[in-house]
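Asks: Sequence below, structure please.
(one chain, ligands or ions: 1)
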Amino acid sequence: MKRTRILGTGFYVPEKVVTNDDLAKMMATSDEWITQRTGIKERRYVSEGVGASDLAFEASRMAIQNAGLTVKEIDFIILGTLSPDYTFPGSAVLLQDKLGASTIGALDIRNQCSGFIYGLSIADQFIRTGVYKHILLVGTEVHSTGIEFADRGRDVTVIFGDGAGAVVLGPVEDKERGILSTHLHSEGKYAKKLWIEAPGSIYHPRMTQEMLESGAWFPKMDGKYVFKHAVTRMQEVIEEGLQANHLKPQDIALLVPHQANMRINQMVSMAMEIPEEKVYHNIQRYGNTTAASIPIALHEALQEGKVQEGDIVVLAAFGSGFTWASAVIRW
Ligand SMILES: CC(C)(COP(=O)(O)OP(=O)(O)OC[C@H]1O[C@@H](n2cnc3c(N)ncnc32)[C@H](O)[C@@H]1OP(=O)(O)O)[C@@H](O)C(=O)NCCC(=O)NCCS
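Replies: Numbers count the residues shown, from 1 in each chain. Modelled structure (predicted):
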């Protein structure tokens, strides 16, 4: 059986830069508090009328071009987001239309911060079994239209940013290269530790004035709880991926973790004795872009020449669900 390779990457972030000082004008927070606890200095926000599929479109165009392909050669679209343009249909079909792709399948997945690796795993199965040759996988988020710019929501608001990252995947004959494994996990009993409660189909009606006023439509997070679980689970799932391929932490050339909090990633790499220079960070510039963070980071790491052919690259994520996942790739 063939393996799956990343043929091209792309990203897009909106032009509008919002610094920690900008947020401090809207809520009781400070550059010092945000920097110390998360490593974030600034993030990007969309302008009015721009949705998740618009960001995905720009990132996808770049990824397809960098893969040396045209839209016509893409056989399937997978899009990970927790912030779709509309409740339904999903944003993958909007992307299919914006790209001018033919009537290929377009799948939305809802796995939050682990969305990109879950999507990678799905794409890998389709390509290895020969069902599809080229798959476009995108992570895209617009958080800025759904967070609370007030003291009440400050713990969540300061960490999120908007952006999109994309990859194009295709088959590789060399069995030593490409995606070596993916490992996916979930623990739904912690669903309410990081979630948006409303609107929801369990409510009759789904949306009420009271929900609007109480802020039930804003994300809520038990930050300390999420932090602790993230550190443990990311470590576990990286180990799981390495062991499945008879590799050790020392074999990793580059770890591209989900960019949720620089402190989480520093604790994981310290515990696993992975040197700082082998761990990619860009959270300082974009904040947490959820499903988009890994493909954006991967794109920038490649642009900076941090990955050479044959290198072991490990992706790892943890987030709402809880869900967590890793991918081990030989570049
Ligand atoms: C959000 C996070 C940075 C908060 O850091 P923390 O050290 O746990 O801080 P706490 O939540 O205990 O809050 C400490 C104090 O800061 C306050 N605070 C919260 N957000 C604040 C902000 N943006 N600015 C200033 N103060 C803030 C709290 O109200 C609390 O005040 P109190 O002591 O008077 O009650 C941290 O928990 C975190 O990063 N968690 C993981 C988040 C994550 O990764 N989410 C995405 C997963 S995909």
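Asks: Would you tell me which residues of the stretch 101-250 of the chain are close to the ligand?
Replies: 113, 154, 155, 158, 221, 223, 224, 226, 227, 230 (Cβ under 6 Å from any ligand atom). All C-beta spots, glycine's among them, are computed from the backbone N, C-alpha and C.
Asks: Make a PyMOL selection of the buried ones in these.
Replies: In PyMOL syntax, the buried subset of these is picked out as below (16 or more other Cβ atoms under 10 Å):
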select buried, resi 113+154+158+221+226+227+230
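Asks: The residue most central in space within the chain in helix, strand or coil?
Replies: Centroid-nearest residue in the chain: residue 291, 2.3 Å away (criterion: Cα atoms, centre = their mean). Assigned with DSSP: H, G, I helix; E, B strand; the rest coil, residue 291 falls in the helix class.
Asks: Contact partners for it?
Replies: By Cβ atoms under 8 Å, 6 or more residues apart in numbering, the contact list for residue 291 reads 80, 81, 82, 111, 112, 113, 115, 116, 119, 139, 140, 141.
Asks: with these in mind, which one is nearest to residue 273?
Replies: The shortest approach to residue 273 among the contacts of residue 291 belongs to residue 113, at 24.4 Å (Cβ to Cβ).
Asks: Now the closest one: closest residue in space that isn't a chain neighbour?
Replies: Leaving aside its chain neighbours, residue 113 sits nearest to residue 319 (2.4 Å; criterion: Cβ to Cβ, 6 or more residues apart in numbering).
Asks: Tell me the bridge partners for that neighbour.
Replies: residue 323 (DSSP bridges).
Asks: shift numbering so it begins at 31
Replies: Shifting the count to begin at 31 puts that one at residue 349.
Asks: Is it in contact with residue 224, as I believe?
Replies: Yes: in this structure, residue 349 is within contact of residue 224 by Cβ atoms under 8 Å, at 7.0 Å.
Asks: and residue 123, how many residues sit next to it?
Replies: 17 (other Cβ atoms under 10 Å).
Asks: Just the pLDDT for whichever residue of the stretch 31-180 of the chain sits closest to the ligand.
Replies: The stretch 31-180 of the chain approaches the ligand most closely through residue 59 (3.2 Å), counting by Cβ to the nearest ligand atom. At residue 59, the pLDDT value in this model is 98.
Asks: Where do the helices of the chain begin and end?
Replies: In the chain, the helices defined using DSSP state H lie at 50-54, 61-68, 82-96, 121-129, 145-158, 184-187, 239-244, 253-274, 292-301, 313-316, 323-333.
Asks: on that earlier part again, can you tell me which of the residues of the stretch 131-280 of the chain next to the ligand is nearest the ligand?
Replies: Nearest to the ligand among those, counting by Cβ to the nearest ligand atom, is residue 253 at 2.6 Å.
Asks: give the contact list for that closest one.
Replies: Residue 253 sits next to residue 185 when contact means Cβ under 8 Å, 6+ apart.
Asks: can you tell me how far it sits from residue 213?
Replies: 26 Å (Cβ to Cβ, to the nearest Å).
Asks: again, but for residue 274
Replies: Going from residue 274 to residue 213 by Cβ to Cβ gives 7 Å.
Asks: Compare those two (neighbour count), which wins?
Replies: Between residue 274 and residue 213, residue 213 has the larger neighbour count (other Cβ under 10 Å), namely 20 against 14.
Asks: Could I get the contacting residues of the more buried one?
Replies: By Cβ under 8 Å, 6+ apart, the residues touching residue 213 are 267, 270, 271, 274, 355, 356, 357.
Asks: buried set for stretch 300-317?
Replies: Buried-residue list, stretch 300-317, by 16+ other Cβ under 10 Å: 302, 304, 309, 310, 311, 312, 313, 315, 316, 317.
Asks: The first one contacts residue 281, correct?
Replies: No: contact criterion Cβ under 8 Å: residue 302 and residue 281 do not qualify, at 11.6 Å.
Asks: Residue 316 against residue 43, yeah?
Replies: Yes: applying Cβ under 8 Å as the test, residue 316 and residue 43 come out as touching, 6.1 Å apart.
Asks: Next, show the common contact partners of the two.
Replies: Common contact partners of residue 316 and residue 43 (Cβ under 8 Å, 6+ apart): 74, 191, 193, 326.
Asks: closest to the ligand among those residues?
Replies: Ranking those by separation from the ligand, with Cβ to the nearest ligand atom as the measure, puts residue 191 on top at 11.9 Å.
Asks: and this protein, what are its domains?
Replies: 33-202, 208-360 (automatic domain parsing).
Asks: Pick the most buried one from these.
Replies: Highest mean neighbour count among these (mean count of other Cβ atoms under 10 Å): domain 33-202, with a mean of 20.
Asks: quick one: terminal-to-terminal distance for that domain?
Replies: By Cα to Cα, to the nearest Å, the extent of domain 33-202 from end to end equals 5 Å.
Asks: residue ranges with poor pLDDT in the stretch 31-180 of the chain?
Replies: Residue ranges of the stretch 31-180 of the chain with pLDDT under 70: none are present.
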